[in-house]
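In: could you work out the structure for the sequence below:
(6 chains)
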Protein chains: 4
Amino acid sequence: MPSTGKATPKRDELVDIASKLFYEQGFGATGIKQIIETAGIAKGTFYSHFSSKEEVGLAWLRKRHTQWNNWLQEKLSASKHPKGKILALFDFLEQWMQESNFRGCAFLNSLSEFPDPESPIRQEIESHKRGLQEAIQALTSQHYAEKPSSFASHKGTIIFLLFEGALIESQNFRKVWPITAARKEIKSLLAVER
Amino acid sequence: MPSTGKATPKRDELVDIASKLFYEQGFGATGIKQIIETAGIAKGTFYSHFSSKEEVGLAWLRKRHTQWNNWLQEKLSASKHPKGKILALFDFLEQWMQESNFRGCAFLNSLSEFPDPESPIRQEIESHKRGLQEAIQALTSQHYAEKPSSFASHKGTIIFLLFEGALIESQNFRKVWPITAARKEIKSLLAVER
Amino acid sequence: MPSTGKATPKRDELVDIASKLFYEQGFGATGIKQIIETAGIAKGTFYSHFSSKEEVGLAWLRKRHTQWNNWLQEKLSASKHPKGKILALFDFLEQWMQESNFRGCAFLNSLSEFPDPESPIRQEIESHKRGLQEAIQALTSQHYAEKPSSFASHKGTIIFLLFEGALIESQNFRKVWPITAARKEIKSLLAVER
Amino acid sequence: MPSTGKATPKRDELVDIASKLFYEQGFGATGIKQIIETAGIAKGTFYSHFSSKEEVGLAWLRKRHTQWNNWLQEKLSASKHPKGKILALFDFLEQWMQESNFRGCAFLNSLSEFPDPESPIRQEIESHKRGLQEAIQALTSQHYAEKPSSFASHKGTIIFLLFEGALIESQNFRKVWPITAARKEIKSLLAVER
DNA sequence: AATGAATGAGCCTTCATTCAT
DNA sequence: CATGAATGAAGGCTCATTCAT
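Out: Numbering: from 1, shown residues only, chains lettered A, B, ... in the order given. Here you go, the predicted model:
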């Protein structure tokens, strides 16, 4: 009956509405009341789709993970070579931050609201970021094809960390300079050390 | 006529108690009730020291800023040269994350809970991070004394972003590898490009 | 046009499922949701068999009344003489309480949940207990055949009240001593005063 | 701060208001909303006096225990001899049921609402009834001073069970005949078997 | 028949804050 | 200065019931 997590058009719509609010205001700062009023439904209806607030939170991050990856892949696909793709990563970040009005990353934003590392939401955050790191490392492996894999792996980690640092400081300062600085550094890094 | 923010021993004690709770549980997840019960005081007493919850939050971050800087300077003072100090920055980060059980940075953790960039707390976060960035840039300026200042400034920004990225991903994965990877990269970066 | 109360196999099955839950948890503490989930049916299906929760409650007590009486008669039929049957009443009570884990009497348990004495459920409770009292009085009339009927009737009432008292206190203390004490008293009472 | 269970005039008043509602409607059927509206206070005020609904329930039964015992002792004190006191017990019961409009016993009424025998409320019910049983046994011990104590103890139990049976069936039928029948039986029982 | 989404009043509880003492 | 009772909106969630499919 309710909350098996099966996707339905209505449930999907609710996830979208909740997602917008969660992303803009934070998970804790968003109440079920606000969600249902925005959606124009009754309390009980909401709880026939989700068993708890945390479940919508989970659905939010899971859907976001997919959408975000799709968006990213689309941006990267414009470049042919790994180097171009890596730099496109930072173009993507810049565009994203500007369009979202520097609201930052839904996953990092949720990190501090869920102190228990065993919670499903924390698992989701971790797996999302692991996915990003692996994607970047796949690109550096291609780029540094003639270098030892440990070297490429290390560089991938560094780019990942620069991406994360640029992301969060762009959010903090509401400026793009952390992103452009990181991009610049990576560009020369990729050129020089091949 | 309460809460002009003047420092008193009692107020200081309350800030310390609240700080611990805010840091461990998050600002939003910590209630005034919990603070006063931990402190063993009455509601009214609390509100004679602070005019609102947000004011304690502000006091928390302001005090944290000072303490954190002191702690950092102490760690850095063990090294003589700027390069050593920069690397010590990451040793400090590693120690901090381990001792805090990977709870992360009080300022970054508060970022998502205060979406309004004009809020006093956001100002505090921004100024704290600006301070860190400037401190790092002061060190890179010394290290790269013979290079153009724009170069040193850029490298300082990069180190700052790596610090932030390593910090937040160490929190996310509850592991030190992001920190050690960043440290390793910076070590070679500082050696090679002088 | 649902819920005229006509017996069907499906309705009967639902009554059985609801009965178990009502008896174990109480009428008020059991939700329709739990009933339909246990039965594996939809809300609407439930309401095509019953017009309201109270109707299932009524069906529960009516069916219980029949089953309980059958069970009791079966136990009593093992004894030939009224005296034996009366004592068997308390053996039955002891067995019942132990097997039900001292959950008590479905009718007495419902008494406090329905304060309105005019409600159908209260009528059901009253008629059930009246039936028990009359059954006991029929036995005492046989036993005291040579005594005035008012005497037998009085003794029947006393045995009924002892049964009820033993029942509820056995439930309260989760022990059989109230039942064995009552049985002992009645045994000597029936022997002496003939 | 709140809900240490310490008695204050306001808390006492709230317990009285809640008690009336719990007794008339049942614990589960009475909402906090109704209690606070009757008392003319705000939700938060209620929860500054009690930490949970169950705590008021507990306070209700504890206070009732004391009041009921006082009331009973007062009634019994009018009789000098144990026999008179025992009979007065049933006069008391009759008066009580009539005055309460046959609402029955607060403790027995709560029995079915708390299936867990380890719950504090069940403990309270049990201890209340144990107290009554012991009080009755104290009287039978005096009455049967020249008989073996086991005899007196047994008779005490029987009187206790008759009391309970008369109580609950008086509630069920909303009549006094169960009480007068029990009283009559006990009167002859006490006279004959000395 | 059977489904299950939808309702909205209601559940118990916590929130940050105020203010008379 | 400190107290803690009082506020009432809001928190997340469950209830019995209805009804279009």
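In: skip ahead from the strand or helix carrying residue A:22 and say which helix or strand is next.
Out: Remark: residue A:22 resides in helix A:9-25, with elements defined by DSSP states H and E. Later in the chain than helix A:9-25, the nearest helix or strand by DSSP H and E is helix A:32-39.
In: and the helix or strand that that next one is followed by, anywhere near chain C?
Out: Proceeding C-terminally, helix A:32-39 gives way to helix A:43-49 as the next helix or strand, assigned by DSSP H and E. No. If you take CB under 8 Å from any CB of the partner chain as the test, helix A:43-49 misses chain C, and the best it gets is 10.0 Å. (C-beta placed from N, C-alpha, C; glycine too.)
In: roughly how far apart are the closest residue to residue A:86 other than its chain neighbours and DNA strand F?
Out: The spatially closest residue to residue A:86, leaving aside those adjacent along the chain, is residue A:139, at 5.3 Å (CB to CB, 6 or more residues apart in numbering or on different chains). In this structure, residue A:139 and DNA strand F are 39 Å apart, going by CB to the nearest atom of the strand, to the nearest Å.
In: which strands and helices lie in contact with the helix or strand harbouring residue A:153?
Out: When elements are assigned from DSSP H and E, residue A:153 belongs to helix A:149-173. Using 3 or more CB pairs under 8 Å, 6 or more residues apart in numbering or on different chains; DSSP states H and E as the contact criterion, the secondary-structure elements in contact with helix A:149-173 are helix A:82-99, helix A:106-111, helix A:120-143, helix A:177-192, helix B:106-111, helix B:120-143, helix B:149-173, helix B:177-192.
In: still on that earlier bit, contacts for the helix holding residue A:22, please.
Out: Contacts of helix A:9-25 from elsewhere in the structure, counted by CB atoms under 8 Å, 6 or more residues apart in numbering or on different chains, are A:30, A:34-35, A:38-39, A:41, A:46, A:49-50, A:56-57, A:59-60, A:63-64, A:100, A:103, A:106, A:109, B:115.
In: also stretch A:74-93?
Out: For stretch A:74-93, the surrounding residues in contact (CB under 8 Å, 6+ apart) are A:71-72, A:95, A:136, A:139-140, A:142-143, A:159, A:163, A:166-167, A:170, A:179-180, A:182-183, A:186-187, A:190.
In: can you select the buried ones from those residues in ChimeraX?
Out: Written as a ChimeraX command, the selection of buried residues from the contacts of stretch A:74-93, which uses 16 or more other CB atoms under 10 Å in any protein chain shown, is:
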select /A:72,136,139,140,143,159,163,166,167,170,179,180,182,183,186,190
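In: low-confidence stretches in chain A?
Out: With pLDDT under 70 as the threshold, chain A has low-confidence stretches at A:1-5, A:193-194.
In: apply 80 and report the result again.
Out: When the per-residue scores of chain A are filtered using pLDDT under 80, the ranges that remain are A:1-7, A:192-194.
In: near DNA strand F, which residues of it?
Out: For chain A, the contact set with DNA strand F under CB under 7 Å from any atom of the strand comprises A:30-34, A:43-44, A:47, A:51-54.
In: looking at those residues, which is nearest DNA strand E?
Out: Nearest to DNA strand E among those: residue A:44, at 2.1 Å, using CB to the nearest atom of the strand.
In: what parts of chain A come near DNA strand E?
Out: Checking chain A against DNA strand E by CB under 7 Å from any atom of the strand, the hits are A:1-2, A:8, A:10, A:41-45, A:48-49.
In: can you flag the buried ones in the residues you listed?
Out: Buried residues within these, defined by neighbour count using 16+ other CB under 10 Å: A:41, A:48-49.
In: hang on, the earlier thing: tabulate the helices and strands packed on helix A:149-173 (a markdown table), appending distance to residue C:150.
Out: What follows is the helices and strands packed on helix A:149-173, written out as a markdown table (distance: least, CB to CB, whole Å):
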| stretch | distance to residue C:150 |
| --- | --- |
| helix A:82-99 | 94 |
| helix A:106-111 | 79 |
| helix A:120-143 | 72 |
| helix A:177-192 | 100 |
| helix B:106-111 | 83 |
| helix B:120-143 | 86 |
| helix B:149-173 | 86 |
| helix B:177-192 | 93 |
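In: of the residues of chain A next to DNA strand F, which is the most crowded?
Out: Ranked by the number of neighbours (other CB atoms under 10 Å in any protein chain shown), those place residue A:30 first, at 20 neighbours.
In: I'd like the distance between the residue nearest to it when sequence neighbours are not counted and residue A:103.
Out: The shortest distance from residue A:30 to any non-neighbouring residue, by CB to CB, 6+ apart, is to residue A:21 (4.4 Å). In this structure, residue A:21 and residue A:103 are 12 Å apart, going by CB to CB, to the nearest Å.
In: please give me every residue in contact with residue A:164.
Out: For residue A:164, the set of contacting residues under the criterion of CB under 8 Å, 6+ apart consists of A:108, A:129, B:164-165, B:168-169.
In: mind giving me the PyMOL select for these, buried ones only?
Out: To isolate the buried ones among the contacts of residue A:164 in PyMOL, judged by 16+ other CB under 10 Å, type:
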select buried, (chain A and resi 108+129) or (chain B and resi 164+165+168+169)
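In: farthest-apart pair in the contacts of residue A:164, please.
Out: Within the contacts of residue A:164, A:129 and B:164 form the most distant pair, 14.3 Å apart (CB to CB).
In: before we move on, back to that, gap between the helix holding residue A:153 and the chain center?
Out: Averaging C-alpha positions (CA atoms, centre = their mean, to the nearest Å) puts helix A:149-173 14 Å from its chain's average.
In: same check, this time on stretch A:139-151
Out: On the basis of CA atoms, centre = their mean, the separation between the geometric centre of stretch A:139-151 and that of its chain is 25 Å.
In: what of stretch A:60-67?
Out: For stretch A:60-67, the distance between its averaged C-alpha position and the chain's averaged C-alpha position is 8 Å (CA atoms, centre = their mean).
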